[in-house]
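Asks: Below are the sequence and a predicted model; questions follow.
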Amino acid sequence: MSTKVKNPEWLQDAVIYQLYPQSYNDTNGDGIGDLKGIIEKLDYIKSIGVNCVWISPIFESPFLDAGYDVSDFYKIAKRYGSLDDFKELIKEAKKREIKILLDLVAGHTSWEHPWFKESCKGENNTYSDYYIWCNSRRENGYIAGWGNRNGGYMNNFFFHQAALNYGFQNVDENCPWQISCDDPRALAVHQELRNVITYWMDLGVDGFRVDMAESLIKNDPDGVGIKKFWTDLRFWFNSDYPNGVLISEWGNPTNAIEAGFHVDFMHHFGSLGWWELFRDQVTPGDGWDVGFFSRSGKGCIEKFLTIFNEHYQRINGKGYICLPSANHDIQRPSFNRSGRELRVIQALLLTMPTIPLIYYGDEIGMRYYPDTPNKEGGYHRSASRTPMQWDDSDNAGFSTAEKDKLYLPIDVKNDRPTVSKQDKDESSLLNLIRKLTQIRKEIPALENGGELIPLYAKDKKIPFVYLRENKNNYAMVVVNPSGNDGEIDVKTDKIIGNTILSEGVRVTEKEKGVWTIKVEAQSFGIYI
């Protein structure tokens, strides 16, 4: 499918910045970030080297799941501002050549959504089959005792998020309420999703990150139904919005790109890979300290490469993998890591053939506090959603509200990282990221896509050395996340004559085609 449809050219050098709107910048003093706050910081965002911003949900919601429980897809939640504010954001972003992606919660709505309220009624109506209702209040997997109709509804995440009825790929004859994906009642819901997409695209957005993209079609163990659903939608989307982009929260780039998405994440669920870099929760007994980004030197780069290459070889040239520093659901990389370690992490993420995603605050190394209180269904995830730290004024410049009115608590330590401190410090993490995004733009080999050729990649050994090749251009990258020094020889016929950026790495020619690489603890280098 994807070989027949071109990807927008702007994806070739896209660098995405995810911001959590309620935690980014508050301009009206209510303790919650807003759209005007985003507008106010667009020049800063541009300065990082970012050209695409993904904004977590801004739609009307009761906020039992921080906006991922939408009660109206066509309205901006009042706490963020107005539709006019949103139009101004689009206008100002375009002036700065920044793309705007919205978060599309496609698989469910809040139980406060008018569609669901109508669906709950005892009498049959237009919306009765917009959600999945069984016929018995005792059916396993359904939530009973809600509304006047007999039976219960299927939820898609939390109990208050009712699953929209896009149909079942395999209908169980013993469950008469199940309908097929091509049933007119299911197709009506399909059309509603297209209506939502059309509305926001026509207002000027550049695409969507689709929440829980794999969850829409039910009883679809082989993925046939969900792939057809998104393939059909992609052809429609591409014909109307050829420069628009769909990014999936799927966690399986092979399946997602085959289904028609332009981009899929390699993150904390699905085919994994992200864990093999940051941590490895699937290795009993080894605990947290076996990811590649481990100061112990016991990292598992071969594990990561095995998973990465399995997907990358299948999708390269058809779509992209996005490798995030974190997101609103993932622990920040700063947890239990030093500033030097964070520099090595960003050096790798910004030199891979993937689309980089910088989660707001990671560019300054914002800290992760596990005891952060639950907010709006965030639970342990709330620690990754704390307010952005702009300066050393009250509330770190996020808001003029009283501390007890803030969306979440601010880091109160005197040495907390802030934009203002790092902006003036040439050696800061923020300015390193600016250098890396600039280098990525200047060296074609480091663009999104192209080849990744490991020169030295062995588990529990350092460093990781790889070539990037693209458009007859190449670069060599050396990454050592461990706390140990090291020295290796690598063979390559490429001439590594120029140091583009180096922190603790020395490369010398030992003999023709053989290069000696000496690395200090937690170091990296880029060479052409």
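Replies: Received the coordinates, thanks.
Asks: Give me the buried positions along the longest helix seen in the chain.
Replies: Once the chain is assigned using DSSP state H, the helix that runs over the most residues is helix 184-202. For helix 184-202, the neighbour count (16 or more other CB atoms under 10 Å) marks 186, 189-190, 192-193, 196-197, 200-201 as buried. Heads up, the C-betas are built off the backbone N, CA and C, glycines and all.
Asks: now do stretch 165-178
Replies: 165-169, 171, 177-178.
Asks: can I get the buried residues of helix 184-202 in CSV with distance to Met388 and pLDDT?
Replies: Putting those into CSV (distance: CB to CB, whole Å; pLDDT from 0 to 100) gives the following:
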residue, distance to Met388, pLDDT
Ala186, 41, 98
Val189, 36, 98
His190, 37, 98
Glu192, 34, 98
Leu193, 31, 98
Val196, 28, 98
Ile197, 29, 98
Trp200, 24, 98
Met201, 28, 98
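Asks: Go through those residues and name the one nearest Gly483.
Replies: Comparing the buried residues of helix 184-202 against Gly483 with CB to CB places Trp200 closest, at 47.1 Å.
Asks: How about the contacts made by the closest one?
Replies: Trp200 sits next to 102, 208 when contact means CB atoms under 8 Å, 6 or more residues apart in numbering.
Asks: any weak-confidence spans in the stretch 251-400 of the chain?
Replies: Within the stretch 251-400 of the chain, the segments meeting pLDDT under 70 span 280-289.
Asks: Show me where it has its strands.
Replies: 263-265, 320-324, 355-359 (DSSP state E, counting those that start in this stretch).
Asks: other SSEs contacting the last one?
Replies: Looking back up the chat, that one is strand 355-359. Secondary-structure packing of strand 355-359 (3 or more CB pairs under 8 Å, 6 or more residues apart in numbering; DSSP states H and E): strand 16-19, strand 320-324, helix 429-442.
Asks: Let's see that with 7 Å instead.
Replies: With contacts defined as 3 or more CB pairs under 7 Å, 6 or more residues apart in numbering; DSSP states H and E, strand 355-359 has these neighbours: strand 16-19, strand 320-324.
Asks: picking that back up, export the strands of the stretch 251-400 of the chain to JSON lines and append columns for distance to Asn472 and mean neighbour count.
Replies: Putting the strands of the stretch 251-400 of the chain into JSON lines (distance: least, CB to CB, whole Å; neighbours: other CB atoms under 10 Å) gives the following:
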{"stretch": "strand 263-265", "distance to Asn472": "25", "mean neighbour count": "29"}
{"stretch": "strand 320-324", "distance to Asn472": "21", "mean neighbour count": "23"}
{"stretch": "strand 355-359", "distance to Asn472": "22", "mean neighbour count": "24"}
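Asks: List the residues that contact Cys52.
Replies: Cys52 sits next to 14-16, 98-99, 101 when contact means CB atoms under 7 Å, 6 or more residues apart in numbering.
Asks: In ChimeraX, how would I select the buried members of these?
Replies: Remark: buried members of these, expressed as a ChimeraX selection using 16+ other CB under 10 Å:
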select :14,15,16,98,99,101
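Asks: ok, the contacts of Cys52 vs Lys421, which is closest?
Replies: Val15 (22.9 Å).
Asks: So the closest one versus Met388, what's the distance?
Replies: The spacing between Val15 and Met388, counted by CB to CB, to the nearest Å, is 18 Å.
Asks: try Glu92
Replies: Relative to Met388, and taking CB to CB, Glu92 is found at 18 Å.
Asks: Between the two, which has more neighbouring residues?
Replies: Met388 (25 against 16; other CB atoms under 10 Å).
Asks: and the closest residue to the more buried one other than its chain neighbours, what does it touch?
Replies: Distances taken as CB to CB, 6 or more residues apart in numbering place Tyr24 nearest to Met388, at 5.2 Å, with adjacent residues excluded. Counting by CB under 7 Å, 6+ apart, Tyr24 touches 33, 37-38, 360, 388.
Asks: In a markdown table: those residues, plus distance to Gly273.
Replies: Shown next, in a markdown table, are the contacts of Tyr24 (distance: CB to CB, whole Å):
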| residue | distance to Gly273 |
| --- | --- |
| Gly33 | 31 |
| Gly37 | 33 |
| Ile38 | 30 |
| Tyr360 | 23 |
| Met388 | 28 |
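Asks: Just flag the most distant two among the residues you listed.
Replies: The span of those, defined through CB to CB, is set by Gly37 and Tyr360 at 11.7 Å.
Asks: which of these two has more neighbours?
Replies: Using other CB under 10 Å, the more surrounded residue of Gly37 and Tyr360 is Tyr360, with 28 against 24.
Asks: Let me know the distance separating the closest residue to the more buried one other than its chain neighbours from Ile217.
Replies: In space, Tyr360 comes closest to Leu19 once its chain neighbours are excluded; the distance is 4.3 Å by CB to CB, 6+ apart. Remark: distance between Leu19 and Ile217 (CB to CB) = 31 Å.
Asks: what are the ranges of the helices in the stretch 351-500 of the chain?
Replies: In the stretch 351-500 of the chain, the helices defined using DSSP state H, counting those that start in this stretch lie at 419-423, 429-442.
Asks: Turn the ones you listed into TSV, columns for distance to Phe308 and mean neighbour count.
Replies: Formatted as TSV, the helices of the stretch 351-500 of the chain follow (distance: least, CB to CB, whole Å; neighbours: other CB under 10 Å):
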stretch	distance to Phe308	mean neighbour count
helix 419-423	30	18
helix 429-442	18	19
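Asks: Show me where the stretch 101-250 of the chain has its strands.
Replies: Secondary structure of the stretch 101-250 of the chain (DSSP E, counting those that start in this stretch): strands located at 108-110, 143-144, 152-153, 161-163, 207-211, 245-248.
Asks: Asp84 - that's part of a helix, no?
Replies: Yes: the assignment for Asp84 by DSSP: H, G, I helix; E, B strand; the rest coil puts it in a helix.
Asks: sorry, back to before: pick the one among the buried residues of stretch 165-178 closest to Ser239.
Replies: Proximity of the buried residues of stretch 165-178 to Ser239 was ranked by CB to CB; the top entry is Tyr166 with 21.0 Å.
Asks: Apart from its neighbours in sequence, what residue is nearest that closest one?
Replies: Leaving aside its chain neighbours, Tyr166 sits nearest to Leu216 (4.5 Å; criterion: CB to CB, 6+ apart).
Asks: show me the contacts for the residue nearest to Phe116 when sequence neighbours are not counted.
Replies: The shortest distance from Phe116 to any non-neighbouring residue, by CB to CB, 6+ apart, is to Ala162 (5.1 Å). By CB under 7 Å, 6+ apart, the contact list for Ala162 reads 108-109, 111, 116, 131, 153, 155.
Asks: what do you get for Trp146?
Replies: 120, 153.
Asks: Equivalent analysis for Gly145, please.
Replies: Contact analysis of Gly145 by CB under 7 Å, 6+ apart lists Arg137.
Asks: quick one: pLDDT of it?
Replies: If you check Gly145, the pLDDT there is 89.
Asks: quick one: it from Arg137, how far?
Replies: Separation of Gly145 from Arg137 (CB to CB) stands at 7 Å.
Asks: In its sheet, which strands sit next to the strand or helix carrying Ser523, and in what direction?
Replies: Per DSSP states H and E: Ser523 is located in strand 514-527. Next to strand 514-527 in the sheet, as set by DSSP bridges, lie strand 473-480 (antiparallel), strand 486-491 (antiparallel), strand 499-511 (antiparallel).
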